[in-house]
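Asker: Here is the input, now give the coordinates:
(one chain, ligands or ions: 1)
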Amino acid sequence: MSKNENEKSWRLATQLVRGGTLRSGFGETSEAIFMTSGFRYDSAEAAEARFKNELPGFVYSRFGNPTVEMFEQRMTLLEGAEAARATASGMAAVNAALMCQLKAGDEVVCAQAVFGSIRYIMEELLPRFGVKAVLVDGTDLSAWERAVTPKTRIVFLETPANPTLEVIDLPAVAAIAHKHGARVVVDNVFATPVLQKPLQLGADIVVYSATKHIDGQGRCLGGVILGSQDFVTNELTPYLRHTGPALSPFNAWVMLKGLETLELRVARMTESAARIADALAGHPGLAAPTNVPALLYPGRSDHPQAALVRKQMAGGGNMIAFRPKGVKAGAFRLLNALKLVDISNNLGDSKSLITHPATTTHQRLSAEERARLGIGDDLVRLSVGLEDPQDLIDDLSHALEKAG
Ligand SMILES: *Cc1c(COP(=O)(O)O)cnc(C)c1O
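Answerer: Numbering: from 1, shown residues only. Next up, the predicted model:
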């Protein structure tokens, strides 16, 4: 196995293509898929030494695997973290990042607008183990101030949030958390590692669903957790090793290939999303604006937190939320009239995808709770892909006309 020692000093594009590559004796150019569950030892003594961590080397693919390690190392470089561990899905990453450091009696403070399954962990799972989760309006700094106490172990947030695209002031929330000795865990899926670096903004731990932009071509589930070497070695790794949400080497290889084009894809998607948002913003098929515009895109100057977006993100990303006329029926008419954009709850794919969160990703929440979060029956969430943006504008404007 050979490895490049200079990779930390490479620039982003080089790290994305070459970072973490471990070459076998065959000298392959592309990363190899080490599709093996176990590893053999030259002697009984060597096996003993490897288990005691006295000799370097792999032991079992639940603990580590060369292809998975290449993906972890490339993510570490991209994020500017000290260490990373990959998981079988984004939710496995969120769950492990929380469970590996929580115990009965702890408290978690979580932004209320997060991915639906994260709400399940906060509201259903953690209380069963004596961990109290307090949900707050993530955009309200005084709410964070009130909720975070010395009992708070973890502060969890997602920015921009799914599906409302509200943006949370990361340095400000991190300062509140750190004042009380809590750690900040950020789900950075919507921003992508290209457009936002939570660790530089005060976060302690970053999690991704690699299923989204990192694969970016709709093929594999995967996740990753990044943080300090101490956290990864002493808290996260034992948890993963003994509970087993390991990423398949094949999926890690797909993710490695995805990373090679991540920057190009995110840049192109962001460019297209900005164009589409501008083209649709004044469309007569949109509902009347309330206290927020009927179309929300973090890259537009009418986003309620446009100044904050400029401060902590390098671009608006590829996600757009908007409200067609006609409430739920209008939203359904819009979805059903689309000929190019697919109805699907996935995101970050090269194919543009649209979803109606109230009846899919967030249907578990009560109508009142959804209303509180701004997930109305009329809200649709668009993930802009890599098609020609003009074809997408044509498809969406035509469907918006049908919706109203
Ligand atoms: C998709 C998603 C997850 C969960 O990831 P999976 O890979 O589907 O398990 C978590 N957080 C956000 C923001 C997501 O979009």
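Asker: Could you double-check that Pro389 lies in contact with Arg275?
Answerer: Yes - assessed by CB atoms under 8 Å, Pro389 is found in contact with Arg275 at 4.7 Å. The way it works is simple: take the backbone N, C-alpha and C, and place the C-beta from them, glycine included.
Asker: more neighbours, those two?
Answerer: Shown here are Pro389 and Arg275; by other CB atoms under 10 Å, Pro389 has more neighbours (20 against 15).
Asker: per-residue pLDDT, the more buried one?
Answerer: According to the prediction, Pro389 has pLDDT 98.
Asker: Please apply the same query to Glu401.
Answerer: The model's pLDDT for Glu401 equals 94.
Asker: Repeat that for Glu166.
Answerer: Per the predicted model, pLDDT is 95 at Glu166.
Asker: Please see if the longest strand belonging to the chain touches the ligand.
Answerer: Ranked by number of residues, the top strand in the chain under DSSP state E is strand 152-158. Yes - shown here: strand 152-158 in contact with the ligand (CB under 6 Å from any ligand atom) through Glu158.
Asker: Kindly report the same for stretch 105-117.
Answerer: Yes - against the ligand, stretch 105-117 shows contacts by CB under 6 Å from any ligand atom at Phe115.
Asker: ok so, going back, show me how far the helix or strand that comes right after the longest strand of the chain is from its chain's centre.
Answerer: Of the helices and strands lying after strand 152-158 in sequence (DSSP states H and E), the nearest is helix 170-179. Chain-centre distance of helix 170-179: 20 Å, with CA atoms, centre = their mean, to the nearest Å.
Asker: Kindly format the C-alpha coordinates of helix 170-179 as PDB.
Answerer: Extracted in PDB, the C-alpha atoms of helix 170-179 (Å, rounded to 0.1, in the frame of the first residue of the first chain):
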ATOM      1  CA  LEU A 170     -23.500  28.800  12.900                       C
ATOM      2  CA  PRO A 171     -20.800  30.800  14.800                       C
ATOM      3  CA  ALA A 172     -23.500  32.400  17.100                       C
ATOM      4  CA  VAL A 173     -25.100  29.000  18.000                       C
ATOM      5  CA  ALA A 174     -21.600  27.500  18.400                       C
ATOM      6  CA  ALA A 175     -20.600  30.200  20.800                       C
ATOM      7  CA  ILE A 176     -23.800  29.600  22.900                       C
ATOM      8  CA  ALA A 177     -23.100  25.900  23.000                       C
ATOM      9  CA  HIS A 178     -19.500  26.200  23.900                       C
ATOM     10  CA  LYS A 179     -20.200  28.500  26.700                       C
END
